[in-house]
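Chemist: predicted model and sequence follow; I will ask about them next.
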Amino acid sequence: MEALESLCESCLQAGASDLFLREGATPFIRLGDQLHALETAPTSEDLLHFLWSACGAKPEASDHDASFVTRSGLRFRVNLHRQLGVRGAVLRNIKTQIPSMEDLGLPVALLQKWFSRPSGLVLITGSTGTGKSTTMAAGLEWLNQTTTRHIITIEDPVEYLFQENLSRFTQREVGADTPTFAEGLRRALRQSPDIILLGEIRDAVSASTALQAAETGHLVLASLHSSSAAEAVERLHRIFSPEEREDASALLAAQLVGVFTQQLLPGLNQKLFLVGEHFENQAATRQWIRKGGGTELVDFMQNSQAPENRSMTTSLVQAYRDGQVSLEVALAAAPVVDEFRRASMGISSQAFSTVET
């Protein structure tokens, strides 16, 4: 159907992650954490009827998950649903073109060092829609081009399809290929992996299994919803019951490689601009991780002169000084506005040096 093909192409051209359709309503797309209406006609009943049929859903279905491939080869993961009796759909673009870490503006040298580790836990964190999956995919694609590894991904849904080069990929989707993240991770340990990508740490079981996988000699890359690197440590600390917390935190302190937290901000060039904060786990940080993070980690990132450690305030000031984002955008994203104002005027003792990539 031409109308659906056109909407899917518009989603791709805009660089959107999701396309939202509802019968009788204007289609929307998601760019980062923002929703934007498309300048097109409202979604017709015929379009959704066609999509229902193309996805193999029964006409009376109220919930249905499937995949959809356009005539031009674009792949989408589709959720069909009803709300107040009206049919709707959310289509997520499954990408095969994976951007490089350089193109994304990531701290390349740091992440390449982390992704080259033989074992341990690397956390990529941020809010929904900040590009965590893209960052992990870029890192895996770099490995695919440079090393021979067996890489197992466990995702909900699969967001990128890897074309095998030097590495071999086993891509598993929660629901279709394995019942849960925790079960998929547990089974992955029997599949001779070198690297495991865990789409999201959602509960104590998946967190515990990820740490055990790291402890037994595997590199685990996992995403976690958190607004800061210190909060990521605190969340993992709290995810365990009081009875489990001491042992789990000790294991986290021993196995954590580092935490990278990212935001996507509206740039002055009309494109989204990535800013991040990160710390590499070392002797000084292990004691704070055992205690659940806290202000010590925040101060450590803010005051450290080492390129492995960088606060969000430092990155925001650098982005503002370099003309990448406006003052209003930087202030809105700053963890502490007063600290950003002081740092942008050079009052902070922190040296705002650009991380080499």
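Modeler: Yep, it's here.
Chemist: isn't V336 up against T313?
Modeler: Yes. Using C-beta atoms under 8 Å, V336 is in contact with T313, at 7.0 Å. Where C-beta positions appear, they are placed from N, C-alpha and C, glycine not excepted.
Chemist: more neighbours, these two?
Modeler: In this view V336 and T313 are compared by other C-beta atoms under 10 Å, and T313 has more residues nearby, 26 against 13.
Chemist: then the more buried one would be within a strand, right?
Modeler: No. Looking at T313 with DSSP: H, G, I helix; E, B strand; the rest coil, it is helix, so not inside a strand.
Chemist: so which residues of the stretch 1-150 of the chain form helices?
Modeler: 2-14, 45-54, 101-104, 108-115, 132-146 (DSSP state H, counting those that start in this stretch).
Chemist: the fourth one: how far from the chain's middle?
Modeler: What that stands for is helix 108-115. Distance, stretch centre to chain centre, for helix 108-115: 16 Å (C-alpha atoms, centre = their mean, to the nearest Å).
Chemist: okay, now F68: neighbour count?
Modeler: With other C-beta under 10 Å as criterion, F68 counts 19.
Chemist: one more: V86?
Modeler: Other residues close to V86 by other C-beta under 10 Å number 13.
Chemist: give me the beta-bridge partners of it?
Modeler: Beta-bridge pairing of V86 under DSSP bridges involves Q83.
Chemist: any idea how far it is from R22?
Modeler: From V86 across to R22, the span is 6 Å (C-beta to C-beta, to the nearest Å).
Chemist: equivalent analysis for R75, please.
Modeler: 22 Å.
Chemist: one more: P242?
Modeler: From P242 across to R22, the span is 44 Å (C-beta to C-beta).
Chemist: and for D177?
Modeler: Counting by C-beta to C-beta, the gap from D177 to R22 is 29 Å.
Chemist: so for these two, which sits in the more crowded spot?
Modeler: Neighbour count, other C-beta under 10 Å: between D177 and R22, R22 has more, with 19 against 14.
Chemist: ok, and the closest non-adjacent residue to the more buried one?
Modeler: Of all residues not flanking R22 in the chain, G88 sits nearest, at 4.1 Å (C-beta to C-beta, 6 or more residues apart in numbering).
Chemist: what sits against that neighbour?
Modeler: Taking C-beta atoms under 8 Å, 6 or more residues apart in numbering as the criterion, G88 is in contact with F20, L21, R22, E23, L48, L80, H81, R82.
Chemist: likewise for H81?
Modeler: H81 sits next to S62, D63, H64, R87, G88, A89, V90 when contact means C-beta under 8 Å, 6+ apart.
Chemist: how much space separates it from E308?
Modeler: For H81 relative to E308 (C-beta to C-beta), the value is 44 Å.
Chemist: quick one: which of the helices of the stretch 1-150 of the chain is nearest L327?
Modeler: If you check each of the helices of the stretch 1-150 of the chain against L327 by C-beta to C-beta, helix 101-104 wins as the nearest, at 23.7 Å.
Chemist: run through who's touching stretch 261-269.
Modeler: Outside stretch 261-269, the residues touching it (C-beta under 8 Å, 6+ apart) are 32-33, 124-127, 129-132, 135, 226-229, 232, 272-278, 312, 319, 323-326, 329-330, 333.
Chemist: going along the chain, name the strands of the chain.
Modeler: Counting by DSSP state E, the segments of the chain that form strands are 18-22, 28-31, 34-37, 63-69, 75-83, 86-94, 120-126, 150-155, 168-173, 195-198, 219-225, 256-266, 272-280.
Chemist: now those as TSV including mean pLDDT and distance to V298?
Modeler: Below are the strands of the chain laid out as TSV (pLDDT from 0 to 100; distance: least, C-beta to C-beta, whole Å):
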stretch	mean pLDDT	distance to V298
strand 18-22	95	33
strand 28-31	91	30
strand 34-37	90	27
strand 63-69	85	40
strand 75-83	90	37
strand 86-94	91	34
strand 120-126	98	14
strand 150-155	96	30
strand 168-173	95	36
strand 195-198	97	26
strand 219-225	97	17
strand 256-266	97	12
strand 272-280	96	9
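Chemist: in CSV: those, plus distance to D247.
Modeler: Shown next, in CSV, are those (distance: least, C-beta to C-beta, whole Å):
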stretch, distance to D247
strand 18-22, 39
strand 28-31, 39
strand 34-37, 41
strand 63-69, 37
strand 75-83, 37
strand 86-94, 37
strand 120-126, 15
strand 150-155, 24
strand 168-173, 28
strand 195-198, 20
strand 219-225, 18
strand 256-266, 15
strand 272-280, 23
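Chemist: so how far is D338 from the residue positioned nearest the centre of the chain?
Modeler: Nearest to the mean C-alpha position of the chain, counting by C-alpha atoms, centre = their mean, stands K132 at 1.6 Å. Separation of K132 from D338 (C-beta to C-beta): 28 Å.
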